[in-house]
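> just the structure for this:
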Amino acid sequence: MLNPSVLIVGAGPTGLIHALTLLRNGIPVRIIEKQESFQLGTRGCGIQPRTIEMYKLLGTLPDLLKVKTGPFPVMKFSSPEGDEEKGQLLPMVETLENTPSRPFNTGFMLMQERQEHLLRSRLEKDYGVTVELSTELRSFEEHGDHVIAHIVKHAPSTEEPKEETIKVEFLVGADGGRSTVRKQLGIDFLGDDSASLKEIGMVVGDIEALEGTLDQKIWRMWGDTTSNMLSLRPCNIPDKTHLNFFVGGIDVDLEKVASSRDELVNAINAITGRTDIKFGKVLNIGIWRPNIRMVSEFGKGRVFIAGDAAHVHSPTGGQGMNSGVQDAINLGWKLALVSKNLAPSSILTSYTAERVPVIATMLSKTTELFQKTFQPASAEKMAQGWRRGYELRMFGVNYRKSGITLDEKYTYGQEEVVDPYRSGDDGTVRAGDRAPDAPKLSPVGQTNATTNTTFLDIFNPAYHTLLVFADPNQHNKLIEKILETAQGLPSSKDIIKTVVVLPQTSLSTNDPAIPSADMVLLDTEGYAYKHYDVAANSQQPTVFIVRPDGFIGGLVFGAEGIKKYFGLILKL
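Residues are numbered from 1 along each chain as shown. Predicted structure coming up:
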């Protein structure tokens, strides 16, 4: 393995996704984790649709789909009298049909433990990179063009710890809410310290249950927060009947319940009024209290933070792990360009500028859900709080006002408000928005290319994709000028892929001259032009520049727009 360019501290989903993004870009990394073994448990098990698309970008989606556990289970709340049979059934997340624009319209559940295993396996299989356990970051110093990190490898009790000094270009802390990297950077972790939040808490963890004692398709809830409450959610692990639990409420002694397996089982029996549920061993257990915090900047100089190191919040809404994935990819492609000396280091300031508004909005949404769900309330009101809105699927997350986007179609007034979480789903397609998918795109003029493809099959974390919507029968010279401009940019063969998208009617009369693009696709069903809001008979080519993270960086109409966009991110 090459000497690492980036040291990643922390091997949860955020750190692993960041590592994979960099490696897909040809940037060598090293990943350290201070724990002596990999974390077990369900935490962060809800994978949102936008995150599914991110996994597809990274080429790991087939791994996840092989082991996914299906949609979110239906929730069942016991009646106010504790009667399970008369309880209320509630689909927490509505299952929606997939569409051509959104082929993964509904998320699914997969234990974080299994996600991490799949990511680690992919890193090792594709790049020979393994996570170094029992390895702790002690300190670091930043210099003009590098970072010196001091780490300690904790050996078995019979051996002395080994100290090591590492020189890297960049250091990324994905080391959780107590982040060593964040603290040494001196970045404040601002948040809500109110007494009302501190009083709320739950005993959380995972426990084995004997097969057949509970339906593994139902997420059960007993009681309410005005007294005591219990949640038992199936983990859906093949050949196992593990349950994720949380126990809380005003009358619950959290310390006592968390003190032993017997106390936990006693509490479960008391709240359910049942003794027929037989439990095995407790896999993990702890006390969770709400901690709602975020940073105002996601890094300084050559050192950055991501995931829980930068923001912690309520798990309600299933946004935490998913937000960490977007942090990781957003930072990853930018670090790669700077590391290759293709982009100025100033591009890295866009990481904070783009992610802070999104995370601030996310914290607001998840806190609101938390208050609806866990503040003292009746079971009926609590059930209402578990309904999840469509925006939590994260399709509307956008960077419309980012300094590294260029939009020649839409402009914004200084006072115009952009919702970082929802504006990207307002029916328009703008720079800064998620790039829609389109199916049934037929390759033109390529030998042995008979299989239709989709945009999500083409997008990649290692390059920008230029989608040139135009008909060569009408705009052949303009198309060639656009392609010449793109192909003349620094290292364009490595970081830019050009795709000409022909309208559905393009080949119906005359065969056009095939442009010198990397790909030419015929929009056989019209989905591409429809989803990108481009008229098939447009008077000029329309170019969407899709970033490596699957967001539209530029919406331009010609060669000058392409030069202007890449002038924002590359050294030209």
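
> give me the contact list for stretch 177-191.
For stretch 177-191, the surrounding residues in contact (Cβ atoms under 8 Å, 6 or more residues apart in numbering) are 9-10, 136-137, 139-140, 171-173, 175, 291-297, 299-300, 303, 305, 308-310, 312. Every residue, glycine included, has its C-beta placed from N, CA and C.

> what about the spatially most central residue of the chain, is that helix, strand or coil?
Centroid-nearest residue in the chain: residue 325, 3.0 Å away (criterion: Cα atoms, centre = their mean). State at residue 325, reduced to three classes by DSSP: H, G, I helix; E, B strand; the rest coil: helix.

> for it, what are its contacts?
13-14, 17, 51, 54.

> which among those gets closest to residue 354?
Proximity of those to residue 354 (Cβ to Cβ) peaks at residue 54, which lies at 15.0 Å.

> now what about whatever helix or strand the closest one lives in, what contacts it?
Using DSSP states H and E, residue 54 sits within helix 49-58. Contacts of helix 49-58 with the rest of the structure, by Cβ under 8 Å, 6+ apart, involve 17, 20-21, 24, 47, 61, 64, 102, 104-108, 321-322, 325-326, 329, 393-395, 397, 434, 437, 456, 459-461, 548-550.

> ditto for stretch 115-135
By Cβ under 8 Å, 6+ apart, the list of residues contacting stretch 115-135 reads 1, 11-13, 16-17, 19-20, 23, 29-39, 44, 47, 59-60, 63-64, 67, 151-155.

> which parts of stretch 546-563 are buried?
546-559, 561-563 (16 or more other Cβ atoms under 10 Å).

> wait, I meant stretch 299-315
299, 302-315.

> ok now the helix or strand containing residue 255, how far from the chain's centre?
Per DSSP H and E, residue 255 falls inside helix 254-257. Between the centre of helix 254-257 and the centre of its chain there are 34 Å (Cα atoms, centre = their mean, to the nearest Å).

> now do the SS call for the nearest residue to residue 280 once chain neighbours are set aside.
In this structure, residue 280 finds its nearest non-sequential neighbour in residue 208, 3.1 Å apart by Cβ to Cβ, 6 or more residues apart in numbering. Following three-state DSSP, we place residue 208 in the strand state.

> for residue 208, list the residues it contacts.
By Cβ under 8 Å, 6+ apart, the contact list for residue 208 reads 240-243, 279-283.

> the strands in the stretch 1-150 of the chain, which residues?
6-9, 29-32, 46-47, 74-77, 88-91, 108-109, 131-132, 135-142, 147-153 (DSSP state E, counting those that start in this stretch).

> no, scratch that, I was asking about the stretch 201-350 of the chain
202-209, 218-223, 229-234, 242-248, 279-288, 292-294, 299-300, 303-305, 311-312.

> could you dump those to JSON lines with mean pLDDT and distance to residue 485?
Converted to JSON lines, these look like this (pLDDT from 0 to 100; distance: least, Cβ to Cβ, whole Å):
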{"stretch": "strand 202-209", "mean pLDDT": "88", "distance to residue 485": "55"}
{"stretch": "strand 218-223", "mean pLDDT": "84", "distance to residue 485": "54"}
{"stretch": "strand 229-234", "mean pLDDT": "86", "distance to residue 485": "53"}
{"stretch": "strand 242-248", "mean pLDDT": "87", "distance to residue 485": "53"}
{"stretch": "strand 279-288", "mean pLDDT": "88", "distance to residue 485": "53"}
{"stretch": "strand 292-294", "mean pLDDT": "87", "distance to residue 485": "40"}
{"stretch": "strand 299-300", "mean pLDDT": "96", "distance to residue 485": "33"}
{"stretch": "strand 303-305", "mean pLDDT": "98", "distance to residue 485": "32"}
{"stretch": "strand 311-312", "mean pLDDT": "90", "distance to residue 485": "39"}
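
> which of those strands is buried the deepest?
Among these, the stretch with the highest mean neighbour count (mean count of other Cβ atoms under 10 Å) is strand 303-305, at a mean of 27.

> ok, it: who's next to it in the sheet?
strand 170-173 (parallel), strand 299-300 (antiparallel) (DSSP bridges).

> including distance to residue 536, could the ones you listed go into JSON lines?
Converted to JSON lines, the strands paired with strand 303-305 look like this (distance: least, Cβ to Cβ, whole Å):
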{"stretch": "strand 170-173", "distance to residue 536": "44"}
{"stretch": "strand 299-300", "distance to residue 536": "44"}
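
> on that earlier part again, would you mind listing the buried residues in the helix holding residue 255?
Those buried within helix 254-257 under the rule 16+ other Cβ under 10 Å are 254, 257.

> which neighbouring elements make contact with that helix?
Contact analysis of helix 254-257 by 3 or more Cβ pairs under 8 Å, 6 or more residues apart in numbering; DSSP states H and E lists strand 202-209, strand 242-248, helix 261-272 as its packing neighbours.

> buried stuff in the longest helix along the chain?
In the chain, assigned by DSSP state H, the helix with the most residues is helix 349-374. By 16+ other Cβ under 10 Å, the buried positions in helix 349-374 come out as 350-352, 354-359, 361-363, 365-367, 369-374.

> thinking again about what came up before, out of the contacts of residue 208, the closest to residue 229 would be?
Residue 229 has its nearest neighbour among the contacts of residue 208 in residue 243, at 15.2 Å by Cβ to Cβ.

> give me every residue that touches the closest one.
So residue 243 contacts 206-209, 214, 232-235 (Cβ under 8 Å, 6+ apart).

> can I get those in JSON lines including distance to residue 98?
Below are the contacts of residue 243 laid out as JSON lines (distance: Cβ to Cβ, whole Å):
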{"residue": "206", "distance to residue 98": "31"}
{"residue": "207", "distance to residue 98": "35"}
{"residue": "208", "distance to residue 98": "35"}
{"residue": "209", "distance to residue 98": "33"}
{"residue": "214", "distance to residue 98": "30"}
{"residue": "232", "distance to residue 98": "30"}
{"residue": "233", "distance to residue 98": "25"}
{"residue": "234", "distance to residue 98": "24"}
{"residue": "235", "distance to residue 98": "25"}
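
> and residue 13, what does it touch?
Counted by Cβ under 8 Å, 6+ apart, residue 13 has contacts 44, 112, 115-116, 119, 307, 321, 324-325.

> sec struct for residue 494, please.
Residue 494 falls in the helix class when you classify it by three-state DSSP.

> that one touches residue 487, doesn't it?
No - under the criterion of Cβ atoms under 8 Å, residue 494 is not in contact with residue 487, lying 11.7 Å apart.

> among the strands paired with strand 303-305, which is nearest residue 402?
The nearest among the strands paired with strand 303-305, by Cβ to Cβ, is strand 299-300 at 16.3 Å.

> check the offset of that closest one from the chain's centre.
21 Å.

> again with stretch 233-253
Using Cα atoms, centre = their mean, the offset of stretch 233-253 from its chain centre is 25 Å.

> what about it, start to end distance?
Its first and final residues considered, stretch 233-253 spans 21 Å by Cα to Cα, to the nearest Å.

> related to what we said a few turns ago, out of the strands paired with strand 303-305, nearest to residue 78?
Per Cβ to Cβ, nearest to residue 78 of those: strand 170-173, 42.7 Å.

> quick revisit: same list (the contacts of residue 13) but as TSV, adding distance to residue 479.
Listed next are the contacts of residue 13 as TSV, based on distance: Cβ to Cβ, whole Å:
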residue	distance to residue 479
44	45
112	46
115	42
116	45
119	39
307	42
321	42
324	40
325	35
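
> between these, which is nearest residue 200?
residue 44 (20.3 Å).

> can you list the domains in the protein?
As assigned by automatic domain parsing, the chain contains the domains 6-71+108-191+292-393, 201-288, 406-569.

> quick check: which ranges of the stretch 101-250 of the chain have low pLDDT?
Within the stretch 101-250 of the chain, the segments meeting pLDDT under 70 span 157-158, 192-199, 211-213, 237-239.
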